[in-house]
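>>> Provide a 3D model corresponding to the input given below.
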Amino acid sequence: MTRNDIIGTKWMITHTGASLNDEVFVFFSNGLLKDGNSDSKWDFDNGIITISHNNDYAILKGQILENVLQGTASNIVGKKWTFKGELISNGPPARTTNNPIISNVLNDDQNSLIESIFATIEDYRADENNQVGRMTTDRIRNWINQFEDDQKVPILEELDNIFKKRYCSKSKVKDFLYQVIQVLTKDFMFNNANDFLKNSDFLNLQPQGKSQRIMLSIFDELIQEKYGLSLADCGTISKKYSIYIDDILCTGLTLISDTKDWSEKEFSTRKTNKQAVADGSTVLVFAYVFIHEKNYHKKKAEMRFKISNEISNNHKMYRRSEIENGIGHSSKIDLIYPLGVMQPQSVIDYKNQLIELVDNHTQQYNTTSPEEFYRPAGLPTTEQFFTSAQNRVIVENAFLQKGIEILQNANPNNRNIRALGYSIPSFKNFGFGALCFTWRNVPNNAPLVFWYSGGGFAPLFKVTRGGNPIVNFNFVVNPTTSNDDLPF
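The predicted structure follows:
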């Protein structure tokens with residue numbers, strides 16, 4: 001929802017709790033609002049419409065959710081009431097230009113942005129013998145041409161911005177692994193990296209083709225080059241530190257599954273890894289390129305009842321980047337999470353389908369889950385991740401609506417796959433909406449437009465799962481304590 005979406009719309013307004021007649025609101029582009037017998041003023045900021053009557057004698061604040069305008073009102077004598085509006089007519093539709101001069105400027109903007117995006121992500125799968133997955137400017141151009149004309153430049157502007165923050169090239173991953181060694185050597189008080197490596201077991205728990213195997217291969221090359229050791233030399237003196245390396249933590253399902261399996265395996269004679277953590281024989285360490293903080297804390301709490309209190313409380317988490325995906329007053333909301341403002345009928349219908357799907361799933365457990373389809377209006381309080389609040393709305397709505405279109409055309413038989421990426425069957429949302437990428441991985445928790453090949457849509461990235469096709473560097477260290485726990 002943007003200011004332009006509101007301009008020209010007409011609403012039938014009903015007031016409750018005040019002796020006011022029903023009236024018609026019409027929003028004009030110059031900030032005036034026609035409301036029956038007078039002209040008032042209106043403004044729109046971060047999802048909230050503010051209306052001023054009679055030189056601020058009365059102020060109305062509301063938002064548009066699924067074609068309903070509703071909110072609260074008050075006047076200078078302290079009277080308070082609520083209002084609700086039904087959409088009578090939309091404003092004029094967005095138009096493309098036939099002016100060749102303007103068209104050429106727009107094309108130049110697009111080409112410049114495409115070149116900049118390519119410069120950031122050009123190493124995507126560039127190290128593979130099969131070059132089918134290589135990124136090209138033509139691939140980016142073909143991808144953006146699947147969107148509406150008025151969406152193309154804002155989407156490209158935001159991708160250029162987001163990839164500069166959230167695309168981790170192979171060289172950056174190698175730098176991250178080197179810094180893992182340096183930081184852990186210091187934190188665990190070893191005299192040198194060689195001693196640290198010989199007392200550390202680097203866990204190899206994932207199948208061939210998964211990110212962990214690839215990262216361990218790079219790690220092996222790195223320590224041979226820097227320290228004259230190989231992975232086979234690691235942990236040969238002791239397994240005091242058990243270190244789990246991976247690229248991206250989204251939902252955390254892989255983290256829980258791998259940790260649970262590892263915890264039950266043998267550490268030494270008549271001692272499991274779980275017991276070794278409990279008695280201090282080993283320290284479990286996680287090191288990720290990206291983690292989503294809300295989901296990490298959820299999985300940390302889940303470890304208590306699925307694995308053990310000791311593993312939940314005593315492990316350490318290191319990460320290159322922590323992504324804020326919680327909903328709080330100070331959260332940056334660093335992912336795709338749309339507003340429920342002026343969404344088309346296709347989104348409303350899709351939302352209702354998901355509610356029915358989730359309810360059918362959860363009723364077998366005699367439980368339900370809250371709706372989390374839309375971020376609250378007014379959040380984030382200050383836009384720090386996208387270049388502007390307006391561009392955020394354009395991109396979020398474009399990805400959501402295109403994802404719905406993809407699913408309608410592809411009709412996949414998978415209740416976890418949603419328009420904004422994979423989700424958990426018991427969650428009422430449009431998908432995870434992840435925005436983090438590496439030179440070889442786009443998580444399936446990212447919006448479908450990035451990776452899903454189906455429904456006649458060509459995704460931006462050619463992605464493989466398990467080896468099969470589908471399709472300023474700050475190292476943050478924050479070992480966990482029991483005070484970090486959040487309820488699961």
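
>>> and the strand or helix carrying Ile291, how far out from the chain's middle?
Per DSSP states H and E: Ile291 is located in strand 283-292. Its chain's average C-alpha position is 18 Å from that of strand 283-292, according to CA atoms, centre = their mean, to the nearest Å.

>>> for the stretch 201-350 of the chain, what spans make up the strands?
Ranges of strands in the stretch 201-350 of the chain, per DSSP state E, counting those that start in this stretch, are 241-249, 266-268, 271-272, 283-292, 316-323.

>>> need these in a markdown table with mean neighbour count, can you?
To be clear about C-beta, it is placed using only N, CA and C from the backbone, and glycine gets the same treatment. Formatted as a markdown table, these follow (neighbours: other CB atoms under 10 Å):
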| stretch | mean neighbour count |
| --- | --- |
| strand 241-249 | 23 |
| strand 266-268 | 14 |
| strand 271-272 | 15 |
| strand 283-292 | 23 |
| strand 316-323 | 21 |
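
>>> what residues does the strand holding Ile291 touch?
Contacts of strand 283-292 with the rest of the structure, by CB atoms under 8 Å, 6 or more residues apart in numbering, involve 166, 168, 173, 176, 180, 184, 188, 240-250, 252, 255, 259, 273, 277, 311, 314-323, 325, 335, 434, 436, 438.

>>> on that earlier part again, tell me which of the strands of the stretch 201-350 of the chain sits nearest to Pro443.
strand 241-249 (5.2 Å; CB to CB).

>>> before we move on, back to that, nearest to Arg3, out of the strands of the stretch 201-350 of the chain?
Distance to Arg3, taken as CB to CB, is lowest for strand 316-323 among these, at 28.5 Å.

>>> packing partners for that closest one?
Applying 3 or more CB pairs under 8 Å, 6 or more residues apart in numbering; DSSP states H and E, one finds that strand 316-323 makes contact with helix 170-187, strand 283-292, helix 293-306, strand 476-477.

>>> out of the ones you listed, deepest packed?
strand 283-292 (a mean of 23; mean count of other CB atoms under 10 Å).

>>> could you give the angle of it to helix 170-187?
140 degrees (axes from the mean of the first three to the mean of the last three CA atoms, to 10 degrees).

>>> pick out the shakiest of the helices and strands packed on strand 316-323, pLDDT-wise.
Among those, strand 476-477 has the lowest mean pLDDT, at a mean of 40.

>>> is the closest residue to Leu448 other than its chain neighbours in a helix, a strand, or coil?
Once flanking residues are discounted, Leu448 sits nearest to Gly403: 4.4 Å by CB to CB, 6 or more residues apart in numbering. State at Gly403, reduced to three classes by DSSP: H, G, I helix; E, B strand; the rest coil: helix.

>>> contacting residues around Gly403?
418-420, 430-431, 447-449, 452.

>>> domain parsing for this structure?
3-89, 170-327+475-484 (automatic domain parsing).

>>> quick one, which of these gets closest to Ile394.
Comparing the domains of the chain by CB to CB, domain 3-89 comes nearest, at 9.7 Å.

>>> quick one: end-to-end length of the closest one, please.
16 Å (CA to CA, to the nearest Å).

>>> buried stuff in stretch 257-270?
Going by neighbour count (16 or more other CB atoms under 10 Å), the buried part of stretch 257-270 is 258-260, 262-263, 267.
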